[in-house]
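Q: Here is my input, please return the structure:
(2 chains)
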Amino acid sequence: MSTSENSYSEAEALNLLAQLERILDLDPLIDEVGFIHPSQLATLKEEIGNSLSSEDKDHESTSFWIRDHKLGISTQILIPVYKAAKHAFISALRQYKTPGNFSGKSQDDTVAIEVMIHSKALLLLSCDFATAWNSRKLIVSNKQLLPILMDELRLSAVVLSHSPKSEQAWSHRRWVINMISRNCSTLQWIIERESELVEKIAERSKMNYRAWNHRCWLVSFMTREQVLNELKQSRNWSGLHVADNSCFHYHRRLMIWNLEGFCHIQDNNSSGYFVETYQVWKEELDWNESLIKRYVGREALWLHRRFLSLYLIKHIATHLLGVSCQSKPKASVDIDIDSLMDHELCLVHSCSTTIPDANFEDFQAQAIHSAAYMLWLTKQIPEYQGINIQEKLQAGAGDLMRMLKRSCPDRSSLWDYLVGYHSEP
Amino acid sequence: MGELAADKHVKYIISVEKKKDSFESVVMEHLRLNGAYWGLTTLDILGKLDAVDEEDVISWILKCQDESGGFAGNIGHDPHVLYTLSAVQVLALFDKVDILDADKVSNYIVGLQNEDGSFSGDIWGEVDTRFSYIAICCLSILQRLDKINVDKAVEYIVSCKNLDGGFGCTPGGESHSGQIFCCVGALAIAGALHHVDKDLLGWWLCERQVKSGGLNGRPEKLPDVGLLLLVGSFKLDHD
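A: The predicted structure is shown next:
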């Protein structure tokens, strides 16, 4: 038996490929694949015992390990199996694409199956091999049956189990979901499962941009109820991952969509709508504040607050403007931008002036983030008719600037510049 | 301050080009053209582009071209805008863009613009502002920018602007330094930089600098040398 990576003959490599494909065929519920060093593989075999039948050859028992739908592949065979899979895949694809093959004969199906089998093996080894993903799209788009599309989601999930950042795997999911959305009533259920999948992956793979981007993409398929539900549910997760900026961005996506994505189905000028959306935002602000007080010095929390405050103020101002212009009854909730800003100033003041322990960096970070937050807000809030918050903020800005420069002297020139840029009265 | 060990960098790049047998290099076969762009640009900056055989490189690149006009990451793979740009850029390094049928390549890209102005990466439809940048950059090098609907392209990019002044990969996507580089770059080439809120975005970018002096790609992430290039180049540009 060969021991080094490069000394597998072509026949041995083909044999390994056949074994891999047989394993994949025998267990369609495999949900996780990993690459394991031969020594670890041997240990696994000893500990748990070989679950393969006694008829299996030597190669199989030293190159693969499978139990409870988890598949381990020895790192020793990766290159030979990859090469064999690639060769088999390209050859099958070439055959599938040759002009005679689109005649609809049963021969087509055989070749198509070959392409699917080999591309699957190939993608487990080289997850971003786009041509393989594309061939599956090509074949699947000729059938478009739900079970087949679900299989594609399953394969992508297996790939993501060892490569959670695989751009191709995520993109394939979106293509499949677009296919499903065209004519399938189970779409909402699928969207929920997708959202859960992202959360599961995000747990293992922190701030995974591709995963969270996918979740943001799902939002446009959600019903209003799902959006509000997602917001509520994801607060639990976010509260445990306060350094994960991506999860807060997801909140922002949900909230903006709630505000703007359903405007075609309701009257945006109604008081009821305004109150409802205001409450959602106020809840989020209160929740954010509780996290800020509990987890000291977390940038992501303060950045989220920038967005929440600014949007809320703009939203209220727009409503008040609409009310005064159209003489409609004002919302029954007592909403006052002034008191909102007073609250924020108070919060910032308490965070930026009390530094109980100078040795504990987080308190200093809290002071800096809170001050930067207020400065940022000062610059972003435009002047509204009859409401001028600028003066109130400018009064406090001097103190904040002094504090910032003291705590973060290397950024002095930055603070000066940032405060300078909108300083015209 | 020490000197850059240029020779060592050149040696490293050449060695990576030749090393095709490790698993790591084998699973990157499909994006070899991207690797070629990064490696060759580095050699060019170091003044050592002659360390590679120009004819060899060019003939390989041309074999990567598909009948649609687009380029694949390697011979026999499917075409995509990512590799099409790399191909054009590498040819530009060698001053050989004119060997291309510019209309054929541009038609491939033009065909990928969607109604909302966005660009798909290939016929399978994935949309990302990176592809907008690629399309605009590539067509600009080929001097065929007028073939696409530039206004619509700009409109789409602007729709990906976030409240923090940054840009994501699609509308509502999280701001990311890499995406920002692409969006700002695309707007710059299209003569539409006025859509960028320079001060707001500048603030966001400045906040990417961490205590060590390095730059991260998004809040709370670790600094990354690649991002130093992206964020740094933006800050040099935007004044």
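Q: how much space between B:Val127 and B:Gly168?
A: Here the distance between B:Val127 and B:Gly168 works out to 12 Å (C-beta to C-beta, to the nearest Å). No exception for glycine: its C-beta is placed from N, CA and C like everyone else's.
Q: typo on my end, it should be B:Val196
A: 14 Å.
Q: Give me the below-cutoff pLDDT ranges for chain B.
A: Residue ranges of chain B with pLDDT under 70: B:1, B:225-239.
Q: go again using 80 as the cut-off
A: B:1-2, B:19-21, B:211-215, B:222-239 (pLDDT under 80).
Q: For it, what lies in contact range of chain A?
A: Contacts of chain B with chain A, taken as C-beta under 8 Å from any C-beta of the partner chain, map to B:21, B:23, B:26-27, B:29-31, B:72-73, B:76-78, B:80, B:122, B:124-126, B:163-164, B:168-170, B:172-176, B:199-200, B:203, B:206-207, B:218-221.
Q: Kindly recompute the last result at 6 Å.
A: B:23, B:26-27, B:30, B:77-78, B:124, B:126, B:163, B:172-174, B:199, B:203, B:206, B:218-220 (C-beta under 6 Å from any C-beta of the partner chain).
Q: Please list only the buried members of the residues you listed.
A: By neighbour count, with 16 or more other C-beta atoms under 10 Å in any protein chain shown, the residues of chain B next to chain A hold B:26-27, B:30, B:77-78, B:124, B:126, B:172-174, B:203, B:206, B:218-220 as buried.
Q: what about B:Arg45, how many residues close to it?
A: That one is not Arg; residue B:45 is Ile. 11 (other C-beta atoms under 10 Å in any protein chain shown).
Q: for A:Glu46, same thing?
A: Using other C-beta under 10 Å, A:Glu46 is surrounded by 9 other residues.
Q: ok, and it, which helix or strand is that part of?
A: In this assignment (DSSP states H and E), A:Glu46 forms part of helix A:38-48.
Q: Tell me which residues are up against that helix.
A: Identification of contacts with helix A:38-48 by C-beta atoms under 6 Å, 6 or more residues apart in numbering or on different chains yields A:Trp65, A:Ser74, A:Gln76.
Q: from the chain's centre, how far out does that helix sit?
A: Relative to the mean C-alpha coordinate of its chain, helix A:38-48 is positioned 34 Å out (C-alpha atoms, centre = their mean, to the nearest Å).
Q: Report the contact partners of B:Gly2.
A: B:Gly2 neighbours (C-beta under 6 Å, 6+ apart): none.
Q: Same check on B:Asn74?
A: By C-beta under 6 Å, 6+ apart, the residues touching B:Asn74 are B:Glu29, B:His30, B:Arg32.
Q: For the last one, which three-state class applies?
A: In other words, B:Arg32. Here B:Arg32 is recorded as helix under DSSP: H, G, I helix; E, B strand; the rest coil.
Q: How much space separates it from B:Val88?
A: 16 Å.
Q: And B:Leu215, its phi and psi?
A: Main-chain dihedrals, B:Leu215, degrees, to the nearest 10: phi -120, psi 140.
Q: For the helix or strand harbouring B:Glu24, which outside residues touch it?
A: Following DSSP H and E, one finds B:Glu24 within helix B:23-26. By C-beta under 6 Å, 6+ apart, the surrounding residues in contact with helix B:23-26 are A:Leu78, A:Ile79, A:Tyr82, B:Lys19.
Q: on that earlier part again, now, which of the contacts of B:Asn74 sits nearest chain A?
A: Lowest distance from chain A to those (C-beta to the nearest C-beta) belongs to B:His30, with 5.2 Å.
Q: Could you pull up the residues touching the closest residue to the closest one other than its chain neighbours?
A: Excluding the flanking residues, the one nearest B:His30 by C-beta to C-beta, 6 or more residues apart in numbering or on different chains is B:Gly73, at 4.6 Å. Contacts for B:Gly73 (C-beta under 6 Å, 6+ apart) come out as B:His30, B:Leu31, B:Arg32, B:Leu33, B:Tyr83.
Q: Would you mind listing what in chain A touches chain B?
A: Going by C-beta under 6 Å from any C-beta, the residues of chain A near chain B are A:78-79, A:82, A:126, A:129-131, A:134, A:137, A:171, A:213, A:216, A:243, A:245-246, A:249, A:253, A:299-300, A:303, A:307, A:414, A:418, A:421.
Q: Thank you, goodbye.
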